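Colleague: Mind folding the following:
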Amino acid sequence: MHLLDWIVMLGTLLTIVAYGVWKTRSVKSVQSYLLGDRDLPWWTIGLSIMATQASAITFLSTPGQAYEDGMRFAQFYFGLPVAMVFLSIFVLPIYYKLKVYTAYEYLEGRFDLKTRTMTAILFLVQRGLAAGLTIYAPAIILSSILNWPLTPTTLFIGVIVIFYTVMGGTKAVSVTQKQQMIVILTGMFIAAVILVFQLPKDVSFSDAVGVAGKMGKLNVVDFNFDLSNRYTFWSGMLGGVFLFVSYFGTDQSQVQRYLSGKSLTESRLGLLFNGILKVPMQFLVLFVGILVFVFFQFNHPPVHFNTANVDNLKGTEYESQYNQYSEQYAQLNEQKELEVRQMIQAMRTEDDATLTAAQSRYENIHQQENQIREEVKELISTQNPAAKTQDTDYVFITFVTTYLPMGLVGLLLAVIFSAAMSSTSSELNALATTTVIDIYRRSLAPDKSDQHYLNASKLFTILWGVTALIFALVANLFDNLIEAVNIIGSLFYGVILGIFVVAFFMKRIKGSAVFVAAIVSELFVIAIFTMSNYGIISIAYLWLNLIGCILVMIFSQLFSMIRR
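Modeller: Just a heads-up that it's a prediction; the model follows:
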């Protein structure tokens, strides 16, 4: 990295952190620390909600997902606007009427203390694990760029986030997220523009889109109803809706964002703003990945994007074999570029026969490339069995660090770190709030002073930060980080949502019935996921949200009838 990139990156990040600490210097009570002063306008709420969900994983893993698999992942977000409307109508008024700190306070009044506590614990487990992934994602970048060991890098990033979250609480999170989201959207838009301008002069934007379409990268919507397919219209509109209703309606990291609004109307507008803007933003991030794919049709990509794995082969008996694979891969790239140009010419002249022939030759070359990439991964695994060979998370950052002009590298890195800071700070703040309000103050240490709970909130923020860091140190066990976060959420969100659906709409069900139903349903969800992993059955993880919710409703009704 050039000195200018360091100045841009560090200047952006330190300015945001300093601004957050300065704006929250007067936070002295537990209510201000955990809920702010309930004075946020709708646009700050909307940007804060988006920033909480848009972790660094979004900007690292999603372009790589599009590079590998096209735009299909966009279907995951189709249910988001529906979920936002549902929450604005049915859920927000209840939270505002009860003036709760957390979503789980409502459950004690509706059911009992044990149901509230169990639901809070389910949230703490899954969100504590996910927070570790949001720290790990940017750590792999910094360690790769600076050649630092991964563990100290992870600790360094985690400590920075813990610092300003402990200092300012939820208001520090919200006021910094607005700035972070502006940096994120600006940086990704600039990346898309730079990608278009760095295409060869004889290749237009429409040519690039046409090439991507012919290679199957723009197939956004799949209407096939297939439970084993992770990304279809139906998994997004059914499983996705249930996931988003649960995430935005019952996950304290999101609930805490809109409970800080100055009124119910402002919070509703913030949620709807998120529902309208989030889907286009996700399309932009995925389309950046598509443009990276097209860019690498004319600029030869490395045979393996994770440079750390490649560096580990140097000086070993496998280095010469890797070099041979790399040369073969470069030769195939040259042949592939010729076929791509042939395809572009055929599209311009509407020569279908030539286009079909060029596509066929391209596919043949592409299969040979994939075979070589698999051989390289096997080589890496042989040299180091613990190495993570899936390299899609490194695709976008390879483009950023290798091809972007001086200064813009620093800006794009600031985008990724801003996303990491925003999502992780929200999670740590929510984890501390839930721990203090739903468990510590309610069951372990009631009737203490406001200062006591303020100090406890800061302490639990630190403890959850340490827990997240520990999980971050083993996050390399996952192949794709964006999927890992969603899988962890899907294991718990469906059951949590089921508890709230019973609370809102099944008025005759009492606490004991839903408590037992939730435990049984969670065991079922884990069993289904485990059997799917071992190939006994085939159900994509998004469906676990729908399954978990429905199981809680069915078992609650059943156990209630048995009890009566």
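
Colleague: Can you show me the helices along the stretch 151-300 of the chain?
Modeller: Under the criterion DSSP state H, counting those that start in this stretch, the stretch 151-300 of the chain contains helices at 205-214, 233-234, 241-250, 252-258, 264-298.

Colleague: Any idea which of these gets closest to M71?
Modeller: Taking C-beta to C-beta, helix 264-298 is the member of these nearest to M71, at 5.3 Å. For the C-beta atoms, the positions are set from N, CA and C on the backbone; glycine is no exception.

Colleague: Buried residues in that closest one, which are they?
Modeller: 266-275, 277-279, 281-282, 285-298 (16 or more other C-beta atoms under 10 Å).

Colleague: Please name every helix or strand in contact with the helix or strand of the chain with the lowest mean pLDDT.
Modeller: The helix or strand of the chain with the lowest confidence, counting by mean pLDDT, DSSP states H and E, is helix 30-35 at a mean of 73. Applying 3 or more C-beta pairs under 8 Å, 6 or more residues apart in numbering; DSSP states H and E, we find helix 30-35 packed against helix 150-197, helix 408-434, helix 450-472.

Colleague: who's in contact with it?
Modeller: 26-27, 101, 169-171, 256, 259-260, 429, 432-433, 436-437, 450, 453-454, 457-458 (C-beta atoms under 8 Å, 6 or more residues apart in numbering).

Colleague: Tally up the residues packed near S320, please.
Modeller: By the criterion of other C-beta atoms under 10 Å, S320 has 10 neighbours.

Colleague: coming back round to it: ranking the helices and strands packed on helix 30-35 by burial, who's on top?
Modeller: Burial of these is given as mean neighbour count (mean count of other C-beta atoms under 10 Å); helix 408-434 ranks first at a mean of 27.

Colleague: Specify the angle between that helix and helix 150-197 in degrees.
Modeller: Orientation of helix 408-434 against helix 150-197 (axes from the mean of the first three to the mean of the last three C-alpha atoms, to 10 degrees) gives an angle of 130 degrees.

Colleague: So what's the gap between helix 408-434 and the chain middle?
Modeller: 11 Å (C-alpha atoms, centre = their mean, to the nearest Å).

Colleague: So what's the model's average confidence on it?
Modeller: Mean per-residue pLDDT for helix 408-434: 81.

Colleague: what's the angle between that helix and helix 450-472?
Modeller: Interaxial angle, helix 408-434 versus helix 450-472 (the same axes, to 10 degrees): 130 degrees.

Colleague: pLDDT weak spots in the stretch 351-500 of the chain?
Modeller: In the prediction, the stretch 351-500 of the chain carries residues with pLDDT under 70 at positions 475-483, 485.

Colleague: what do you get if the cut-off is 80, keeping everything else the same?
Modeller: For the stretch 351-500 of the chain, the stretches with pLDDT under 80 are 386-388, 412-423, 426, 473-486, 488-489.

Colleague: Let me see the contact set for A445.
Modeller: H452, A456.

Colleague: Oops, could you answer that again for Y106 instead?
Modeller: I94, Y95, L98, V100, A503.

Colleague: Now it: which helix or strand?
Modeller: helix 105-110 (DSSP states H and E).

Colleague: Verify the stated contact: S556 with A513.
Modeller: Yes - using C-beta atoms under 8 Å, S556 is in contact with A513, at 5.2 Å.

Colleague: mind checking the SS state of K28?
Modeller: Following DSSP: H, G, I helix; E, B strand; the rest coil, K28 is assigned to coil.

Colleague: ok so, going back, in the helix holding Y106, what counts as buried?
Modeller: E105, Y106, L107, E108, R110.

Colleague: Leaving out chain neighbours, which residue sits closest to the third one?
Modeller: What that stands for is L107. R116 (4.3 Å; C-beta to C-beta, 6 or more residues apart in numbering).

Colleague: how near is the one you found to R442?
Modeller: R116 sits 8 Å away from R442, going by C-beta to C-beta, to the nearest Å.

Colleague: Comparing S556 and A513, which residue is more hemmed in?
Modeller: S556 (28 against 24).

Colleague: what sits up against stretch 505-524?
Modeller: 111-112, 114-115, 118-119, 122, 492, 494-495, 498-499, 502-503, 547-548, 551-560, 563.

Colleague: avg pLDDT for that stretch?
Modeller: The model assigns stretch 505-524 a mean pLDDT of 93.
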